[in-house]
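Colleague: Everything below, folded, please.
(one chain, ligands or ions: 3)
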Amino acid sequence: MRKKARYVNEDLCTGCGSCAEKCPTPAVDTFNTGIGQRKAIYKYFAQGIPSVFTIDAPSCRQLGQGKKCGVCAKTCQAKAIDFEQKDRMVEIEAGAIVMATGYDVFDPSVIPEYGYGRIKNVVTALEFERLLSASGPTAGHLDRPSELTLEKEIEETGKEVRKLSARIKQLEEKQGKTSDEVISQVKAGASDEPLVEWAKQAESLAEMQAALAAMNRKMAAATTAKKLAFIQCVGSRDFRFNRYCSSYCCMHSVKEAMIANEHDREVHSSIFCMDLRAVGRGFEEYKLRGGQQANIEYIRGRVAEITEDEAKNPVVWFESTTERHVKSEVFDMVVLAAACVPSAGTARLAQLAGVELDTNGFVKTDPLMPLATTRPGIFVCGCAQGPMDIPESVAQASSAAACAAEAVIGAQITLKATA
Ligand SMILES: Cc1cc2nc3c(=O)[nH]c(=O)nc-3n(C[C@H](O)[C@H](O)[C@H](O)COP(=O)(O)OP(=O)(O)OC[C@H]3O[C@@H](n4cnc5c(N)ncnc54)[C@H](O)[C@@H]3O)c2cc1C
Ligand code: SF4
Ligand code: SF4
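Modeller: Ligands and ions are numbered 1, 2, ... in the order given. From the prediction side, this is the model:
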């Protein structure tokens, strides 16, 4: 096992977070699917175990960029920061192994007609979950990604405007004349280099201020997303990508549409699906409740294309198979139910462990022994074995632990019997 360097001694760290408060380096917030920022020293997510901090070495000034910093080490009262930590190879002599390495989300940008990555307000279901979360980057408000980008642009342009205004004000005070006078002088033929440069800067400030005002007007008119489209089977049940059903995405779309409506009763959701697979106790009733109480409409039709209008609204083109019509509809935001695919390291891990994979790349099991891999003593549970929801993953995890215990205890009994 490779135990990655955390650069924080986990026995000393109390999880107080004062290091992250003081760390001057922002980094992309990977847990929030890249929406928003965290610090270079961070906790992967609030409920993570152990509840200790980690330095993201490539983002850190000291570890990744070779600059001087160490603010976290100075701040940490528990003296837990350890810049000298290295990755360690740990050997464990095990009687049984459980593979529980989960899944990855299919990358929808390989389906160009859905515009993911190109159309800002087309997001994956995982990104939408983070937007919906009260502890997420928008505190649960359905701010559209296009407006989040605009907000960032306003912030950056505002900073530039403040900097340039201060510089120009200084010039005006020092030289005792206004920028308008300088611009007029240059227009009248003055070719003195500092004056020309001053006029250029003053003009560019005026342009930036106008752009900032336009952006602010646009932002003031923006509202949170009210009209949502959910597109099912993105990369699943599709012969171009994965033939299998990802099993949990129908229900997570209904759940997300229900939560969005709980946040704001004006939210209306259209769920586009071939069929909605509500397989599980009470799932069908949950789906119906969504339709009756949470403004959810189920549309039988496979979406062909998503385009974008001038207001950055996604436009969904689809065939309504019940009405036998090709239609298009404008939405505030589109959520893609991207397939469940084997996690990136599964093939390598299977090779190391000497277990076989099935035709879809998940760990192969025997239909009569669903937790046993092709190698005795190695078990698998959850999405490493194939797409499944949390209750099923948890039930499998308990069973796999029991199988592992049985294998170890059985071996001990055999050893004692032969001794
Ligand atoms: C958007 C979305 C919403 C969902 N909502 C619901 C819901 O509401 N209800 C529900 O029941 N299900 C939901 N699901 C499904 C749910 O996410 C899965 O059922 C569940 O996460 C499967 O658990 P797991 O432990 O098998 O895999 P994972 O949750 O993927 O956990 C695997 C862990 O193993 C780690 N790992 C991988 N490789 C290695 C390695 N080599 N070494 C060490 N660690 C490794 C990973 O980092 C990860 O932490 C949702 C899924 C999505 C995409
Ligand atoms: S050394 Fe500086 S940049 Fe790196 S984690 Fe500590 S405070 Fe942040
Ligand atoms: S669970 Fe629903 S959305 Fe997901 S692949 Fe199966 S049918 Fe498609």
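Colleague: Secondary structure element holding the residue nearest to E113 when sequence neighbours are not counted?
Modeller: Counting by C-beta to C-beta, 6 or more residues apart in numbering, E113 lies nearest to E305, which is 4.6 Å off, once chain neighbours are set aside. C-betas here are computed from N, CA, C, even on glycine. E305 belongs to strand 303-308 when elements are defined using DSSP states H and E.
Colleague: What are the contacting residues of that strand?
Modeller: Strand 303-308 has contacts (C-beta atoms under 8 Å, 6 or more residues apart in numbering) with 113-115, 119, 121-122, 231, 272, 314-319, 326, 334.
Colleague: What about the residues you listed, which are in strands?
Modeller: 122, 231, 272, 314-319, 326, 334 (DSSP state E).
Colleague: Just name the closest of these to V98, please.
Modeller: I231 (34.6 Å; C-beta to C-beta).
Colleague: pLDDT score assigned to that closest one?
Modeller: Note on I231: pLDDT of 98.
Colleague: Double-check it against A337; I have them as touching.
Modeller: Yes: if you go by C-beta atoms under 8 Å, I231 and A337 touch, sitting 6.4 Å apart.
Colleague: ok, the two, which is more surrounded?
Modeller: The neighbour comparison of I231 against A337 (other C-beta atoms under 10 Å) goes to A337, with 30 against 24.
Colleague: tell me the SS of that one?
Modeller: Three-state call for A337 (DSSP: H, G, I helix; E, B strand; the rest coil): strand.
Colleague: list the contacts for the closest residue in space to it that isn't next to it in sequence?
Modeller: Excluding its sequence neighbours, the residue lying closest to A337 (C-beta to C-beta, 6+ apart) is C249, at 3.8 Å. Counting by C-beta under 8 Å, 6+ apart, C249 touches 125, 232-233, 236, 337-340.
Colleague: ok, now T124?
Modeller: 33, 105, 108, 116, 335-336, 338.
Colleague: how about the helices in the chain?
Modeller: Assigned by DSSP state H, the helices in the chain fall at 18-22, 61-65, 71-75, 125-132, 145-175, 179-187, 193-221, 249-263, 283-293, 346-353, 390-418.
Colleague: so which residue of the stretch 101-250 of the chain comes closest to ligand 1?
Modeller: Nearest to ligand 1 in the stretch 101-250 of the chain, going by C-beta to the nearest ligand atom, is G102, at a distance of 2.1 Å.
Colleague: what does the stretch 251-400 of the chain give?
Modeller: Residue of the stretch 251-400 of the chain nearest ligand 1, by C-beta to the nearest ligand atom: G382 (2.2 Å).
Colleague: okay, now that residue: neighbour count?
Modeller: Neighbours around G382, by other C-beta under 10 Å: 23.
Colleague: Next one, pLDDT for it please.
Modeller: Reported pLDDT at G382 in the predicted model: 98.
Colleague: do you know how far the nearest residue to it once chain neighbours are set aside is from Y103?
Modeller: In space, and not counting its chain neighbours, G382 is closest to S393: 3.7 Å by C-beta to C-beta, 6+ apart. Applying C-beta to C-beta, to the nearest Å, the value for S393 to Y103 is 10 Å.
Colleague: And M388, by the same measure?
Modeller: 9 Å.
Colleague: cool, R300 as well?
Modeller: 27 Å.
Colleague: Could you check which of the two has the larger neighbour count?
Modeller: Comparing R300 with Y103 by other C-beta under 10 Å, the one with more neighbours is Y103, at 22 against 16.
Colleague: And the pLDDT at the more buried one?
Modeller: Model confidence at Y103, given as pLDDT, is 98.
Colleague: got it, and Q170?
Modeller: pLDDT, read off for Q170, is 93.
Colleague: coming back round to it: I'd say the residue of the stretch 251-400 of the chain closest to ligand 1 and M388 touch.
Modeller: Yes: with contact defined as C-beta under 8 Å, G382 and M388 form a contacting pair (6.7 Å).
Colleague: Are there residues contacting both of these two? Which ones?
Modeller: With C-beta under 8 Å, 6+ apart as the test, G382 and M388 both reach Q396.
Colleague: Find the closest residue to ligand 3 in the stretch 301-419 of the chain.
Modeller: For the stretch 301-419 of the chain, C-beta to the nearest ligand atom, closest residue to ligand 3: A337, 4.7 Å.
Colleague: Verify the stated contact: that residue with C233.
Modeller: Yes: look at A337 against C233 with C-beta under 8 Å: they come within range, at 6.8 Å.
Colleague: what sits in contact with each of these two?
Modeller: Common neighbours of A337 and C233 (C-beta under 8 Å, 6+ apart) are 246, 249.
Colleague: still on that earlier bit, which of the contacts of C249 sits closest to E21?
Modeller: Distance to E21 across the contacts of C249 (C-beta to C-beta) is lowest for A125, with 31.9 Å.
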